[in-house]
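**Student:** Could you look at this predicted model? Sequence included:
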Amino acid sequence: AAAPAWWTSATVYQVYPRSFADSDGDGVGDIPGIRAHVDHLAALGVDVVWLSPVYATPQDDNGYDISDYRAVDPTFGTLEDLDGLIADLHDRGIRLVMDLVVNHTSDEHAWFVESRSSSDNPKRDWYWWRPARAGMEAGAPGAEPTNWGSFFSGPAWELDQATGEYYLHLFSRKQPDLNWENPQVREAVYDMMRWWLDRGVDGFRMDVINLISKRVGDDGSLTDGPVGGNGPYGDGSAEYVCGPRIHEFLAEMHREVFAGREADLITVGEMPGVTVDDARLFTDPARAEVDMVFQFEHVGLDHGPGGKFDVRPLRLTDLKASFGRWQAGLADVGWNSLYWDNHDQPRAVSRFGDDSPEHRERSAACLATLLHLHRGTPYVYQGEELGMTNAPLERIEDFRDIESLNHFRQAVDAGADPDDVLVGLRAMGRDNARTPMHWDGSDHAGFTTGEPWIAVQPNHDAVNAEAARADEHSVFHHYRRLIAQRHAEPVVALGDFTMLLLDDEQVYAFTRTLTTDAGDETVLVVANVSSSPARAAVPDAAAWADAERLEGCTYRPDEGSAPDADAALAAGALALRPWEALVLRRR
Ligand code: TEU
C-alpha cells in the first residue's frame, strides 16, 4: 500500500485574520499581526495554518465576499506581507492553506460589475440571472425566479434595476453566486488557484464548495423547494447541495490545478449537508477530488426544527452516534476532518463543555483529548487552544455578524419578541468565536492598541496565551502534547476506530487499534463528558488491568485518576471525576 499522506498525522490551525492580531492600531487584525505571533503556532506544534480570507473585499461577510482574488485587502496588509507570512511559516515547517471562496464573489468583483452591466455583456452568464416568475411583474412580492431562501435571511434572489432581472445569492445580496455551468468561470477560477500555488501556498480550504453545482433544466429552469417550518421561503438545498455536476467539477479542478503536485498539498472542502456516502466519494483518493471534507452533522445536533437559532440541548448519545457513523463510514476509503468549532460556530468549551470557572479548563482539555484521539485530521480554531469561551453578547448592538443582524431584523419584523430572538443569537451567533484573540492580560488583551472592531472578552485577564504558555498544566500545553502524539504514535494517526458505550449519556469511550508486523496495539479512551462524577462500564475491562497510560494524553497527570483507577476499570466500574479523560494503551 502507498505510504499514508503527510496530513494523516498533521494538525491544522485556523487563523481568522480580523480577530487574530492587529499591528497598526486600526482595531482590525492584519497579516503583520499574524507574523508577530507565528512563534505561538510553532510552540503549539501545528503543521498547517488555514488562513480565512485576506483578499480584497468590501467586508460584507468579513472577507467571504471577495472583490479581487489576486489582491490582499489593505485592511489586512499587502501581497508582500503575505509572501512574508508564507516564508515565516515555511521557515518553521508550517504550511499555509488559503481560503478559496468561489461559490460566489462580491458584487463589487469586476466580473460581477461587468455581468450586471447589460443582458448581453460577455460575462452575463458568469452569474445566475433570471427573469421574474412567469406571469409576474419583476419586484412584485413572490416574483423571485424560485422560492429559495438565503442562508442570511430573506430571498436568495435580488432584483437588479439595470436590466430588470434577478441574480442568485445563496448568502448575502453582496455575494452573487458564480455560474459553474459556464466553462470560462471554471477556467478563471483554476487559473487563479494555480497562481496562488505558484506563489507558495500549500492548498485550499474550499468554502461551501458542495454548493457550486445547481440543478438546472435543459431550458435553464431552476426548481422551487419545499416550504415549511422556517419562515416563508422554500428550502432549495435539494437543488444545490451536492448538485448533479459536483463530482465532475471537483475532479476537473483536481486535474487542472493539483495534478502532479498533490502530494505536498492539502485540500479540504467545506460541505454543509454532505452525507457520509457523499463524503466517501469526495475523499476517495482514487477519484482525485479533495483530501477531506468539513461535514456539519455534529454541529447540527443542537439545532431545532426552526434552524440554527432554535437551540436544543445536545444529547451525548446523538454526538457519539454521529461521530461513530463518520468514523466507520470513512474507515476503509477516504478521510475525516475533525473539528469542534471554527469562525462560524459557538466556542467548543461553551457548547460541548462547561465554561464555568470551575470546569472550563478541565472540560476544554477533555474535549481536546476526545477530538485529537479520533482518526482524521484535527482542526484547532484560534483561541480554542486557550479554552476561550463564548462572548458575553447581551444586546443586539453587541453583534457585528451579518447573519445574526439579518436574522434579528427579519424575526422581529415577523413579530417575534426581541428577547426571545436574542436567546438564540447568544448561544449560536458567529460573533461568539470572532472576538479578538487573547494574547495577554493587558487592555484589549494585547490584540490592538486601538479600539477593537468587536469587544474583547473580559475574561482575558485569566484566559490568555501568555499565561497559558507559562503554565505547563494549561489547556494550551495539553493541546501541544496531543498534537505531538499524533506525530509520534502511528496508532493515534492511523489506528482503526471503534465507538463503545453508545447508550451512555455521560461517558464517551472508544478504542483505536493498529495492526503491525509486531502485533496489535490498542488505545482506549474513556471520558466523562459531564460536570458530575460518572461510572464507566467499559466492555472487556479485565484486558486493561495492566495497561499503561498513553504519555502526554492525560490532562494534569500529576493528579492521577480516581484512586485505583486501573483496578476499578478491571472490575468494570471505573469512576471518573467531572470531565476526566483516561487514555490507556496495551500491546
Ligand atoms: O460558511 C457556510 C455555512 O454553511 C455556514 O456555516 C454559514 O456560516 C452559516 O452559519 C449558515 O447558517 C461559509 C463560511 O465559513 C462563512 O463564514 C461564510 O459566511 C459563508 O460560507 C459564505 O461564504
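**Tutor:** Thanks, I have the structure now.
**Student:** Would you mind measuring the gap between the ends of stretch 258-267?
**Tutor:** Distance across stretch 258-267, first residue to last, is 9 Å (C-alpha to C-alpha, to the nearest Å).
**Student:** ugh, wrong one, I meant stretch 447-460
**Tutor:** 11 Å.
**Student:** same check, this time on stretch 427-443
**Tutor:** 26 Å.
**Student:** Flag every buried residue along it.
**Tutor:** Using 16 or more other C-beta atoms under 10 Å as the burial criterion, the residues of stretch 427-443 that qualify are 427-439. Where C-beta positions appear, they are placed from N, C-alpha and C, glycine not excepted.
**Student:** Give me the subset of these lying in helices.
**Tutor:** With helices taken from DSSP state H, the overlap with those comprises 427-428.
**Student:** Just the pLDDT for P539.
**Tutor:** Reading off the confidence values, P539 has pLDDT 88.
**Student:** gap between it and S530?
**Tutor:** Going from P539 to S530 by C-beta to C-beta, to the nearest Å gives 20 Å.
**Student:** Which helix or strand in the protein has the lowest average pLDDT?
**Tutor:** Within the chain, no helix or strand scores below helix 565-570, which has a mean of 65 by mean pLDDT, DSSP states H and E.
**Student:** what helices or strands is the helix or strand just after that one leaning on?
**Tutor:** Toward the C-terminal end, the helix or strand that comes next after helix 565-570 (DSSP states H and E) is strand 574-576. With contacts taken as 3 or more C-beta pairs under 8 Å, 6 or more residues apart in numbering; DSSP states H and E, strand 574-576 sits against strand 519-528, strand 534-536, helix 565-570.
**Student:** Direction included, what does the shortest one pair up with?
**Tutor:** Yep, that's strand 534-536 we're talking about. In the sheet, strand 534-536 lines up against strand 574-576 (antiparallel) (DSSP bridges).
**Student:** Near the ligand, which residues of the stretch 301-450 of the chain? Just list them.
**Tutor:** Residues of the stretch 301-450 of the chain lying near the ligand by C-beta under 6 Å from any ligand atom: 308, 343-344, 403.
**Student:** related to what we said a few turns ago, what's the closest of the helices and strands packed on strand 574-576 to the ligand?
**Tutor:** With C-beta to the nearest ligand atom, the closest approach to the ligand among those belongs to strand 519-528: 26.7 Å.
**Student:** Pull up the pairing partners for the closest one, direction included.
**Tutor:** strand 507-516 (antiparallel), strand 581-586 (antiparallel).
**Student:** Identify all contacting residues around the longest one.
**Tutor:** Right, strand 507-516. 316, 319-320, 324, 370, 373-375, 490-492, 494-501, 520-529, 534-536, 538, 576 (C-beta atoms under 8 Å, 6 or more residues apart in numbering).
**Student:** Can you go through those residues and name the buried ones?
**Tutor:** Buried, going by 16+ other C-beta under 10 Å: 316, 319-320, 324, 370, 373-375, 491-492, 495-501, 521-529, 534, 536, 538, 576, out of the contacts of strand 507-516.
**Student:** Minimum distance to the ligand, which residue of the stretch 1-150 of the chain gives it?
**Tutor:** Y64 (3.5 Å).
**Student:** show me what contacts the nearest residue to that residue once chain neighbours are set aside?
**Tutor:** Nearest residue to Y64 in three dimensions, chain neighbours excluded: V101, at 5.4 Å (C-beta to C-beta, 6 or more residues apart in numbering). Contacts for V101 (C-beta under 8 Å, 6+ apart) come out as 53, 55, 64-66, 207.
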